[in-house]
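Asks: next come a sequence and a model predicted from it.
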Amino acid sequence: MYIAAITIRSDTACMKKPRRNSPIPLRPTALPHLDLHRKSISRRVVMVAFDDAQVLDITGPLEVFGRTARLLDDERRSRTPAYAIELVASKSGAITTSSGLRLLADRAIAEVRGPIDTLIVAGGRGAIAALDDRALIGSIRRLASRVRRLCSVCTGAFLLAEAGLLEGRSATTHWRQCEALARRYPGIKVETDPIFVRDGNVFTSAGVTAGIDLALALVEHDHGRDIALAVARELVMFLRRPGGQSQFSVQLRAQTADREPLRELQNWIANNPGKDLSIEALARRTAMSQRNFARVFTREVGQTPGEFVENLRLETARRRLEESADGVDLIAAESGFGTRESMRRAFVRNLHVPPSAYRSRFNQKLSA
């Protein structure tokens, strides 16, 4: 693998104080576009890495930009790449990632000059040690003042926070580190669930593969949905997940009960969302009184039975909307909501969007 060390002029002006936005919506507001018919235009993407960084935090997003550049350049027959990518670190030369794979930084971050379109800070277990590299943090702060977009992958959010770039903003990171980020930097509104969050021109993403999702979203901003979907297909990604989707499935988000009957019940509920899942019926399956069942289930699973059932039915319906052409009435019935209206209320309450809008956004088969 190689990473190009090409620096090409960007015509994008440095952004002034960004407008604060809530976490990225299902249909995010478009960022400024460049005229793609001008063959001299190339967006400069700079990735910041360090020793013990997660290799996929680096290579995943850069492969998205590189693949996009190859796809567009073949269409335009231009010698100027749509994206010019660079890898930088505290010093030029080899960095050793957490997997042991070594990558070569094109230059020291302190040597980076000129405008940057997108600055991305990688994460990984070396991020905490990197917080003590004051020259690195200072360089990130300096470069951030002249970028169109500032991004982090996984625990790269800690470096942005240390540089003072997330103060007063909404942000996310790997689910395991969200509490630590909020505790260390109380001025940040940490979103624990989304795959990625946008606040103004600052984008933070969750762990590892979420960096690929973020990069695809940025490509969609730059070049449109069709190009982003084409790149996702080239990368053989099962589903291009926009930022509003959760880091977790219901089964991952909920705790696994200690008691065998409750563990078996969780699995049964997951496989039977359309069955009678009232507390009375569930208590009967576990041979417990309703009151004792509700108390024990909530303690061991971390959610009430009603919350667990609704979340699981919601996830079941989401997958059907994403992956099938089945009618909304059929999906509502087989997911356990019963009626279209009941499912609509659950979607609006939890996802702030009705099922029809959710499908139009996430179903690649219907939108292709």
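Replies: Sure thing, it's come through.
Asks: out of the helices and strands in this protein, which is least certain?
Replies: In the chain, no helix or strand scores lower on mean pLDDT, DSSP states H and E than helix 250-253, which sits at a mean of 48.
Asks: which is the next helix or strand following that helix?
Replies: The element immediately downstream of helix 250-253 (helix or strand, assigned by DSSP states H and E) is helix 260-271.
Asks: pLDDT of that next one, averaged?
Replies: The pLDDT scores in helix 260-271 average 85.
Asks: make 57 the first number, not 1, from now on.
Replies: All right, first residue 57 from here; so that's helix 316-327.
Asks: which strands or helices does it pack on?
Replies: The contact analysis (3 or more CB pairs under 8 Å, 6 or more residues apart in numbering; DSSP states H and E) places helix 316-327 against helix 306-309, helix 335-341, helix 346-357, helix 361-379. For glycine as for every other residue, the C-beta is placed from the backbone atoms N, C-alpha and C.
Asks: CSV please, covering those and showing mean neighbour count.
Replies: Below are the helices and strands packed on helix 316-327 laid out as CSV (neighbours: other CB atoms under 10 Å):
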stretch, mean neighbour count
helix 306-309, 16
helix 335-341, 16
helix 346-357, 16
helix 361-379, 20
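Asks: can you list these in JSON lines and add distance to V258?
Replies: As requested, the helices and strands packed on helix 316-327 are exported to JSON lines (distance: least, CB to CB, whole Å):
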{"stretch": "helix 306-309", "distance to V258": "26"}
{"stretch": "helix 335-341", "distance to V258": "43"}
{"stretch": "helix 346-357", "distance to V258": "35"}
{"stretch": "helix 361-379", "distance to V258": "27"}
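Asks: out of those helices, which gets the lowest mean score?
Replies: Across those, the lowest-scoring stretch is helix 306-309, with a mean of 48.
Asks: in a helix, that's where V264 is, yeah?
Replies: No - using DSSP: H, G, I helix; E, B strand; the rest coil, the assignment for V264 is coil, not a helix.
Asks: remind me which helix or strand the residue nearest to S146 when sequence neighbours are not counted belongs to.
Replies: In space, not counting the residues next to it along the chain, S146 is nearest to L192; the distance is 5.1 Å by CB to CB, 6 or more residues apart in numbering. Taking DSSP H and E as the definition, L192 sits inside helix 190-200.
Asks: with just CA atoms, put that helix into CSV.
Replies: What follows is helix 190-200, C-alpha atoms only, in CSV (Å, rounded to 0.1, in the frame of the first residue of the first chain):
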residue,chain,number,x,y,z
ARG,A,190,2.4,19.3,22.7
ALA,A,191,3.9,20.0,19.4
LEU,A,192,1.5,17.6,17.7
ILE,A,193,-1.5,19.1,19.5
GLY,A,194,-0.3,22.6,18.7
SER,A,195,0.1,21.7,15.0
ILE,A,196,-3.4,20.3,14.9
ARG,A,197,-4.8,23.5,16.4
ARG,A,198,-2.8,25.6,13.9
LEU,A,199,-4.0,23.6,10.8
ALA,A,200,-7.6,23.5,12.0
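Asks: show me what it is packed against.
Replies: Secondary-structure packing of helix 190-200 (3+ CB pairs under 8 Å, 6+ apart): strand 99-104, strand 172-177, helix 212-218.
Asks: where along the stretch 107-256 of the chain do the helices fall?
Replies: With DSSP state H, counting those that start in this stretch as the criterion, the stretch 107-256 of the chain has helices at 111-132, 183-186, 190-200, 212-218, 234-240.
Asks: deepest of the ones you listed, which one?
Replies: Each of the helices of the stretch 107-256 of the chain was given a mean neighbour count from mean count of other CB atoms under 10 Å, and the largest, a mean of 26, is that of helix 212-218.
Asks: kindly state which of the helices and strands packed on helix 316-327 is positioned closest to Y241.
Replies: Smallest distance to Y241 across these (CB to CB): 24.1 Å, for helix 306-309.
Asks: what is the end-to-end distance of stretch 197-217?
Replies: Stretch 197-217 has its terminal residues 10 Å apart, counting by CA to CA, to the nearest Å.
Asks: let me fix that, I meant to ask about stretch 349-365.
Replies: Terminal residues of stretch 349-365 are spaced 14 Å apart (CA to CA).
Asks: do stretch 169-188 as well
Replies: By CA to CA, the extent of stretch 169-188 from end to end equals 23 Å.
Asks: counting neighbours, which bits of that stretch end up buried?
Replies: 172-180, 182-184, 186-187 (16 or more other CB atoms under 10 Å).
Asks: now do stretch 242-252
Replies: Neighbour counts using 16+ other CB under 10 Å place 244-247, 249-252 of stretch 242-252 among the buried residues.
Asks: doesn't R415 make contact with E378?
Replies: Yes - in terms of CB atoms under 8 Å, E378 counts as a neighbour of R415; the distance is 7.4 Å.
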